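Colleague: Show me how the following folds:
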Amino acid sequence: MLATLLLVADVTVRTSGELRAALAAAKPGTTLLVAPGEYAGGIVASGVRGTAAQPIALRAADPAQPPLIRGGTCGIQLSDAEHVELADLVFEQQTGNGVNIDDGGTLDTPARGIALRRLVVRDTGPQGNCDGLKLSGVDGFAIEGCTIERWGSNGSGIDLVGCANGAVERCTLRNPADRATSSGVQAKGGSRAIRIERNRFEHAGQRAVNIGGSTGLDYFRPPLSELSSACSEAARITVAGNTFVGSDAPIACVGVDGAQVRFNTLYRPQRWALRILQETRDPRFVPCRNVEFTDNLVVFERARWSAGGVNVGAGTEPDSFRFERNAWTCSDDAARSRELVKLPTPERDGRYGVDPQFLDAASLDLSVRAGSPAAGVGAHAFGAQAAREPEPLRER
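Modeller: Sure thing, here's the model as predicted:
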């Protein structure tokens, strides 16, 4: 059976055993087509390596009938993988992480060239630090069109630790409004050069996007011993064109050195629009700093709005944050919008009390009507106006 697998580029598997055997035998250029049906989770493989020209793919034989990978600590865990794509698969009821991609603990040799497309991951945990998608030590990745629902109580929908040069795009992360989790997308542990764009977050954790965080010092990629004294949990992160519903804080910047938060719609956050925090206190780390918050649409309720909408913690550099061209509206007291927003630095060209004229806010359709005074800000504006490359982050 395995000898046959090595000779063909496309292999169709129909049982859990065939899936595991085919993955272990896959060579550059192999495509594993998983037939409709249910498969046992707990798939673990190390050293699955394609090439940039001939990646290895694991995908549904029929995307209209995606196979279900149920149970296991992880649905699938790939260590030291290179140029691998997973597409059109469903993962359900893992007790740990739905999908886990890592560098095998070899911090100087990251996993590379990982693509996760149109995956559905649901009901991981439910308790504890259990993530929908967990990537540790991955350099070069694309997470596109995935749906993550109901992850662990202390986990993240998508957790990126020490990852670089990647993007999370057009994904949906959602929980019931009464289900508390930690974060939606988190990028920490030395993560850098990552775009989080055009996603939808519905009650996606206390911090829907956690730019930075708190990481054990032994888990940074690259190792802290190879870095200068100017260390950070995250750097050069872009959060753009996203729609947020709920969450204590849609955006949290935690030990960040440089980020852009632009053209997002933040609808009814439960406490703040933005948090500025420092959780890693090692003296080699710079304070949270150098973040640009621009062209966002923020709609909030007076009773669920704390500290003027921005929570500033100790050990940070709030004076390095720049606010420009945002539109802020208190939905139940628009006339007081300006006095209810308190930013750590003066805003340039901000607007207050703007009626966004959503198409159907009751059903959470947060696109705006033609002629809306908020047409130029928010997620719906991340297109013709926002497609231009942003200015580089400024040195301060």
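
Colleague: Going by C-alpha atoms from here, please, whenever you check contacts or count neighbours.
Modeller: OK.

Colleague: now the helices: where do they sit in this structure?
Modeller: For the chain, the helices defined by DSSP state H cover 2-5, 16-25, 337-340.

Colleague: residues making contact with the last one?
Modeller: Pointing back at helix 337-340 there. Surrounding helix 337-340, the residues in contact under the criterion C-alpha atoms under 8 Å, 6 or more residues apart in numbering are 302, 308, 309, 328, 329, 330, 352, 353.

Colleague: So which of those residues are in strands?
Modeller: Members of those lying in strands (criterion: DSSP state E): 328, 329, 330, 352.

Colleague: Just the buried residues out of these, in ChimeraX syntax.
Modeller: Per 16 or more other C-alpha atoms under 10 Å, the buried members of those correspond to this ChimeraX selection:
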select :328,329,330,352
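
Colleague: export the ones in strands among the contacts of helix 337-340 to CSV and tack on distance to residue 95?
Modeller: Below are these laid out as CSV (distance: C-alpha to C-alpha, whole Å):
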residue, distance to residue 95
328, 41
329, 41
330, 40
352, 45
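
Colleague: ok, now which ones touch the residue nearest to residue 114 when sequence neighbours are not counted?
Modeller: Once flanking residues are discounted, residue 114 sits nearest to residue 141: 4.6 Å by C-alpha to C-alpha, 6 or more residues apart in numbering. Counting by C-alpha under 8 Å, 6+ apart, residue 141 makes contact with 112, 113, 114, 115, 164, 165, 166, 167.

Colleague: So residue 212 sits against residue 251, correct?
Modeller: No: counting by C-alpha atoms under 8 Å, residue 212 does not reach residue 251; the two are 10.6 Å apart.

Colleague: Which of the ones in strands among the contacts of helix 337-340 lies at the shortest distance from residue 156?
Modeller: Using C-alpha to C-alpha, residue 328 comes nearest to residue 156 of those, at 27.9 Å.

Colleague: was I right about that closest one contacting residue 301?
Modeller: No: judged on C-alpha under 8 Å, residue 328 makes no contact with residue 301 at a distance of 10.9 Å.

Colleague: Quick check: residue 280 vs residue 215, distance?
Modeller: 7 Å (C-alpha to C-alpha, to the nearest Å).

Colleague: what touches both of these two?
Modeller: Among the neighbours of residue 280, those also in contact with residue 215 (C-alpha under 8 Å, 6+ apart) are residue 233.

Colleague: Tell me which of the two has more neighbours.
Modeller: Ranked by neighbour count (other C-alpha atoms under 10 Å), residue 280 and residue 215 place residue 280 first, with 22 against 16.

Colleague: Look up phi and psi at that one.
Modeller: Taking degrees, to the nearest 10, you get phi -90, psi 120 for the backbone angles of residue 280.

Colleague: what's the closest non-adjacent residue to it?
Modeller: Nearest residue to residue 280 in three dimensions, chain neighbours excluded: residue 214, at 5.7 Å (C-alpha to C-alpha, 6+ apart).

Colleague: for the one you found, what are its contacts?
Modeller: 188, 189, 233, 254, 279, 280.

Colleague: and the fifth one, how many neighbours does it have?
Modeller: To tie it back to what came earlier, the one meant is residue 279. Here the number of neighbours of residue 279 (other C-alpha under 10 Å) works out to 18.

Colleague: again with the fourth one
Modeller: In terms of burial, residue 254 registers 27 neighbours under the definition other C-alpha under 10 Å.

Colleague: I'd like the distance between it and residue 186.
Modeller: Residue 254 is 10 Å from residue 186, by C-alpha to C-alpha.

Colleague: Buried residues, stretch 359-366. List them.
Modeller: In stretch 359-366, counting by 16+ other C-alpha under 10 Å, buried: residue 366.

Colleague: quick one: contacts of that stretch?
Modeller: 243, 358, 367, 368, 369.

Colleague: what's across from residue 134 in the sheet?
Modeller: residue 100, residue 159 (DSSP bridges).

Colleague: for residue 294, same thing?
Modeller: Beta bridges link residue 294 to residue 262, residue 324, judged by DSSP bridges.

Colleague: surely it meets residue 262?
Modeller: Yes: assessed by C-alpha under 8 Å, residue 294 is found in contact with residue 262 at 4.8 Å.

Colleague: Which one's more surrounded, these two?
Modeller: Legend: neighbour count by other C-alpha under 10 Å for residue 294 and residue 262, higher for residue 262 (29 against 24).

Colleague: got a list of what that one touches?
Modeller: 238, 239, 240, 241, 292, 293, 294, 295, 296, 378.

Colleague: Kindly recompute the last result at 6 Å.
Modeller: By C-alpha atoms under 6 Å, 6 or more residues apart in numbering, residue 262 lies in contact with 240, 293, 294, 295, 296.

Colleague: got a pLDDT number for the second one?
Modeller: Residue 293 carries a pLDDT score of 98 in this model.
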